[in-house]
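Visitor: after the sequence you'll find the predicted model.
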Amino acid sequence: MSILKEKTVAASKTEVSHLLCNKDMNGAGRLFGGQLLMWIDEVAGIVAKRHCECNVTTASIDNLQFKEACYLNDVIVLIGYITHVGHSSMEIRIDTYVEKSNGQRFPVNRAFFVMVALDENDRPTEVPRLIISSIEEQAKWDAAEKRIELRKTRREEGF
């Protein structure tokens, strides 16, 4: 078994912004949900890849709800970071905001992705442990463990 270094949450935290253009809009003039999903998946992949320093794949997505409408010329801000690591998996939280012209941000979505680290043969491989360095990070780790149990129950129920 290889010795992997531990990493902090901050080491892989990622923030990405997008200016909404015509190509990002749906027929109703709002942000196309599929576009947002693609951006969220990309951010989750970047966070996971930064943490494990290898290829990754998306295993599951927990949530995609629109809480705030996004329109042409709005700025979308996605912030992703690790909340939990297993043997080869990582839970990544991505918070999406719409940023208005005055700089004020409003929540659009919060998603939890499970990403799996892959070796050179596309097989799951061990990931670095996560250094928890604050009460807030510990609370997010604890909440992630509850979501892991929920995912396990859903799998058993065929959900």
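Guide: Nice, I can see it. Numbers count the residues shown, from 1 in each chain.

Visitor: please count neighbours and contacts with C-alpha atoms only from this point.
Guide: OK.

Visitor: what about residue 107, which helix or strand?
Guide: Assigned by DSSP states H and E, residue 107 belongs to strand 105-118.

Visitor: figure out how far that strand is from the centre of its chain.
Guide: 3 Å (CA atoms, centre = their mean, to the nearest Å).

Visitor: contact partners of it?
Guide: Under the contact criterion CA atoms under 8 Å, 6 or more residues apart in numbering, strand 105-118 has outside partners 40-41, 44-45, 48-49, 52, 54-69, 88-99, 124-127.

Visitor: CA-only coordinates of it in PDB, if you can.
Guide: The C-alpha trace of strand 105-118 is given here as PDB (Å, rounded to 0.1, in the frame of the first residue of the first chain):
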ATOM      1  CA  ARG A 105     -24.700  37.000  -4.500                       C
ATOM      2  CA  PHE A 106     -27.900  34.900  -4.300                       C
ATOM      3  CA  PRO A 107     -27.800  31.100  -3.900                       C
ATOM      4  CA  VAL A 108     -28.900  29.200  -7.000                       C
ATOM      5  CA  ASN A 109     -28.000  25.700  -6.100                       C
ATOM      6  CA  ARG A 110     -26.100  23.400  -3.700                       C
ATOM      7  CA  ALA A 111     -25.000  20.000  -5.100                       C
ATOM      8  CA  PHE A 112     -23.100  17.100  -3.600                       C
ATOM      9  CA  PHE A 113     -21.100  15.000  -6.000                       C
ATOM     10  CA  VAL A 114     -19.400  11.700  -5.300                       C
ATOM     11  CA  MET A 115     -16.200  11.500  -7.300                       C
ATOM     12  CA  VAL A 116     -14.000   8.400  -7.600                       C
ATOM     13  CA  ALA A 117     -10.200   8.500  -8.100                       C
ATOM     14  CA  LEU A 118      -8.900   6.300 -10.900                       C
END
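
Visitor: ok, then the element right after that strand?
Guide: strand 130-131.

Visitor: and residue 97, bridged to which residues?
Guide: Beta bridges link residue 97 to residue 77, residue 107, judged by DSSP bridges.

Visitor: contact partners for it?
Guide: Taking CA under 8 Å, 6+ apart, one finds 76-78, 105-109 in contact with residue 97.

Visitor: select only the buried ones of those residues in PyMOL?
Guide: With 16 or more other CA atoms under 10 Å as the burial test, the buried ones among the contacts of residue 97 are selected in PyMOL as follows:
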select buried, resi 76+77+78+106+107+108+109
